[in-house]
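Visitor: I would like to see how this sequence folds:
(chains A and B)
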Protein chains: 2
Amino acid sequence: MTITTVGLDADDTLWHNETIFRLTQARFLDLLGDHDNALIEARLAEVERRNLRLYGYGIKGFTLSMIETAMELCEGEPPPGVLREILAAGREMIAHPVETLPGVDEALHRLSEQYRLVLVTKGDLLDQERKLAASGLGDLFAAVEIVSEKDRGTYDRVFARHGTGAQEAVMAGNSVKSDVIPAIEAGAFAVHIPYHVTWAHEIAEPPVDHPRFGLLDSITHLPAWIAERAQA
Amino acid sequence: MTITTVGLDADDTLWHNETIFRLTQARFLDLLGDHDNALIEARLAEVERRNLRLYGYGIKGFTLSMIETAMELCEGEPPPGVLREILAAGREMIAHPVETLPGVDEALHRLSEQYRLVLVTKGDLLDQERKLAASGLGDLFAAVEIVSEKDRGTYDRVFARHGTGAQEAVMAGNSVKSDVIPAIEAGAFAVHIPYHVTWAHEIAEPPVDHPRFGLLDSITHLPAWIAERAQA
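Guide: So this is what the prediction gives:
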């Protein structure tokens, strides 16, 4: 089996992301302390879902959804300071330092010696470029694709453009829904590397019986996993 | 002179954009009618400038800046309904129908018969993809590059990747600062096609005496302008 190209997701695969959202969400719950936590969380999730089609993924859309939720819960008149705090929390998320996950640096260096690495990530263009630059990993990638949606067509296109087609590619990431299922549909190998928390909108069942599917508890094991397939 | 590739800006070059921002801004002034218009505009421009580094270009960042401005002007307690109206205005901007500028359709069809067309645009990834799809022009482009900044390096990269280098490319757009100056620095031809309003942050002096610079009052004249250079 020939493998030429390795696609990697970014948020929660290479560096922490969802934890930063969760911390901000905890701060949001505190701000609206007069309301029940479960109610606030349910309402925020509903507002996010409603806005996803318009706002897409990323911090700015999340900030707007927090503001909208606060307005709804407080009948249009949130206590003084709440909205200012939400705006500040959003800005702090954007400016948050990038913290790569354990083993990422070494695994990517090893992989980049043998394969073409392609970053394939959703989210805000400016945010993702900033995080990649701050991570110091930018030079290891032959290409960076920041996309608005990850479906089968995305992987067809990305691996055709930057590699030798999906058949000779591996996609690795923390989301079964975005990184695994559509990559396998495109004909690639796909490796699920779970992160300890997953955004509710990204949850899906992994295709555990598929011959091209793998599950790893750390990116540290990815070079060996790929080497085994390449020798098969 | 060989010309193989034509780069085109999107907002206010292919379709209306700034007018939609201006209409929303007029609505914003109405909402804060207790304050002086000039004061509101100055404050909003200041907040936008301050946030540009974090939010980048696009509607979501503009919406957040309008909210922040309203909070500042009303000392943290804007009148009921104001923030809801701002959120609604932002969503309506995103969902606004795409209206191509006069002559765009015909000019792009003619250009696409002879040159590789590349869309080169700043702004929010999801917004720009949505607008391109809605414009019906997507099939005319060999490539689409949605970038976070337009500098010399951007044009070097884009015309190397999707064409035969900047020396054999023309960039056309409404912004002297983003579409003209850096494209000429990269060695390309650059054509300024002014739009009737320009965002304050995009204003710059055109390089009127540069041999690779052109000024056209409509995209309709672009095919002929390029044909003249190609024959020279």
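Visitor: spell out which parts of chain A neighbour chain B.
Guide: Taking CB under 8 Å from any CB of the partner chain as the criterion, chain A approaches chain B at residues A:51, A:54-56, A:58, A:60-61, A:63-64, A:67-68, A:71, A:76-77, A:80-81, A:83-84, A:87, A:90-91, A:94-95, A:124-126, A:129, A:146-148. (C-beta placed from N, C-alpha, C; glycine too.)
Visitor: what's the neighbour count on A:Thr2?
Guide: A:Thr2 sits with 8 neighbouring residues when counted by other CB atoms under 10 Å in any protein chain shown.
Visitor: ditto for A:Leu101
Guide: Residues near A:Leu101, counting by other CB under 10 Å, number 19.
Visitor: before we move on, the earlier item: in helices, which of the residues of chain A next to chain B fall?
Guide: Within the residues of chain A next to chain B, membership in helices is found for A:51, A:54-55, A:60-61, A:63-64, A:67-68, A:71, A:83-84, A:87, A:90-91, A:94-95, A:125-126, A:129, as judged by DSSP state H.
Visitor: go through stretch A:164-174 and flag the buried ones.
Guide: By neighbour count with 16 or more other CB atoms under 10 Å in any protein chain shown, stretch A:164-174 contains the buried residues A:Ala166, A:Gln167, A:Glu168, A:Ala169, A:Val170, A:Met171, A:Ala172, A:Gly173, A:Asn174.
Visitor: drop anything exposed from the ones in helices among the residues of chain A next to chain B.
Guide: A:51, A:54-55, A:60-61, A:63-64, A:67-68, A:71, A:83, A:87, A:90-91, A:94, A:125-126, A:129.
Visitor: what residue ranges in chain A are flagged as low confidence?
Guide: Judged against pLDDT under 70, the low-scoring parts of chain A cover residues A:200-201.
Visitor: show me where chain A has strands.
Guide: Chain-ordered strands for chain A, with DSSP state E as the definition, fall at A:5-8, A:116-121, A:143-146, A:169-173, A:189-192, A:213-215.
Visitor: reformat these as TSV; add distance to A:Arg229.
Guide: Converted to TSV, those look like this (distance: least, CB to CB, whole Å):
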stretch	distance to A:Arg229
strand A:5-8	11
strand A:116-121	16
strand A:143-146	22
strand A:169-173	7
strand A:189-192	6
strand A:213-215	8
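Visitor: and B:Ala45, which of these is closest to it?
Guide: Within those, the stretch nearest B:Ala45 is strand A:143-146; the backing value is 28.5 Å (CB to CB).
Visitor: in its sheet, what does that closest one sit against?
Guide: Taking DSSP bridges as the criterion, strand A:143-146 sits next to strand A:116-121 (parallel) in its sheet.
Visitor: next up, the contacts around A:Met66.
Guide: Neighbouring residues of A:Met66 by CB atoms under 8 Å, 6 or more residues apart in numbering or on different chains: A:Thr24, A:Phe28, A:Leu44, A:Ile86, A:Ala89, A:Gly90.
Visitor: relative to chain B, which of the residues you listed is nearest.
Guide: Distance from chain B was checked for each of these by CB to the nearest CB. The minimum falls on A:Gly90, at 7.1 Å.
Visitor: isn't the closest one right next to A:Ile59, touching?
Guide: Yes. Counting by CB atoms under 8 Å, A:Gly90 touches A:Ile59, with 5.9 Å between them.
Visitor: next, count neighbours for the closest residue to A:Gly214 other than its chain neighbours.
Guide: Sequence neighbours aside, A:Val191 is the residue nearest to A:Gly214 in space, at 4.2 Å (criterion: CB to CB, 6 or more residues apart in numbering or on different chains). Around A:Val191 sit 26 other residues, with neighbours defined as other CB under 10 Å.
Visitor: what residues are up against A:Val191?
Guide: For A:Val191, the residues meeting the contact criterion (CB under 8 Å, 6+ apart) are A:Val170, A:Met171, A:Ala172, A:Gly173, A:Val180, A:Phe213, A:Gly214, A:Leu215, A:Leu216, A:Leu222, A:Trp225.
Visitor: and for A:Glu99?
Guide: Shown here is A:Glu99, whose contacts under the criterion CB under 8 Å, 6+ apart are A:Trp15, A:His16.
Visitor: tell me how far it lies from chain B.
Guide: Plainly put, A:Glu99 is 19 Å away from chain B if you go by CB to the nearest CB, to the nearest Å.
Visitor: try A:Leu32
Guide: Following CB to the nearest CB, the distance that separates A:Leu32 from chain B is 15 Å.
Visitor: repeat for A:Val104
Guide: The separation that A:Val104 has from chain B, given CB to the nearest CB, amounts to 23 Å.
Visitor: is the residue nearest to A:Gly214 bridged to anything, and to what?
Guide: Beta-bridge partners recorded for A:Val191 (DSSP bridges): A:Ala172, A:Gly214.
Visitor: circling back to that earlier point, from the contacts of A:Val191, pick the one nearest chain B.
Guide: For chain B, the nearest member of the contacts of A:Val191 is A:Gly173. The distance, counting by CB to the nearest CB, is 18.4 Å.
Visitor: residues contacting that closest one?
Guide: Residues in contact with A:Gly173 (CB under 8 Å, 6+ apart) are A:Gly7, A:Leu8, A:Asp9, A:Thr13, A:Val120, A:Asp179, A:Val180, A:Val191, A:His192, A:Ile193.
Visitor: now, among those, which is nearest to chain B?
Guide: Looking at those and their distance to chain B, the nearest is A:Val120, at 13.3 Å (CB to the nearest CB).
Visitor: tell me which residues form a beta bridge with that closest one?
Guide: According to DSSP bridges, the partner residues bridging A:Val120 are A:Glu145.
Visitor: surely it touches A:Asp11?
Guide: No. Contact status for A:Val120 versus A:Asp11: not in contact, 11.3 Å apart, counting by CB under 8 Å.
Visitor: from A:Arg27, how far out is A:Ala88?
Guide: 10 Å (CB to CB, to the nearest Å).
Visitor: swap in A:Trp225?
Guide: According to CB to CB, A:Trp225 and A:Arg27 sit 38 Å apart.
Visitor: the more surrounded of the two?
Guide: When neighbours are counted by other CB under 10 Å, A:Trp225 comes out ahead of the other of A:Trp225 and A:Arg27, with 18 against 15.
Visitor: please name the nearest non-neighbouring residue to the more buried one.
Guide: Using CB to CB, 6+ apart, the nearest residue to A:Trp225 is A:Gly214, at 5.5 Å.
Visitor: now for the one you found, how many residues are close by?
Guide: A:Gly214 is flanked by 21 other residues according to other CB under 10 Å.
Visitor: residues contacting it?
Guide: A:Phe189, A:Ala190, A:Val191, A:His192, A:Trp225.
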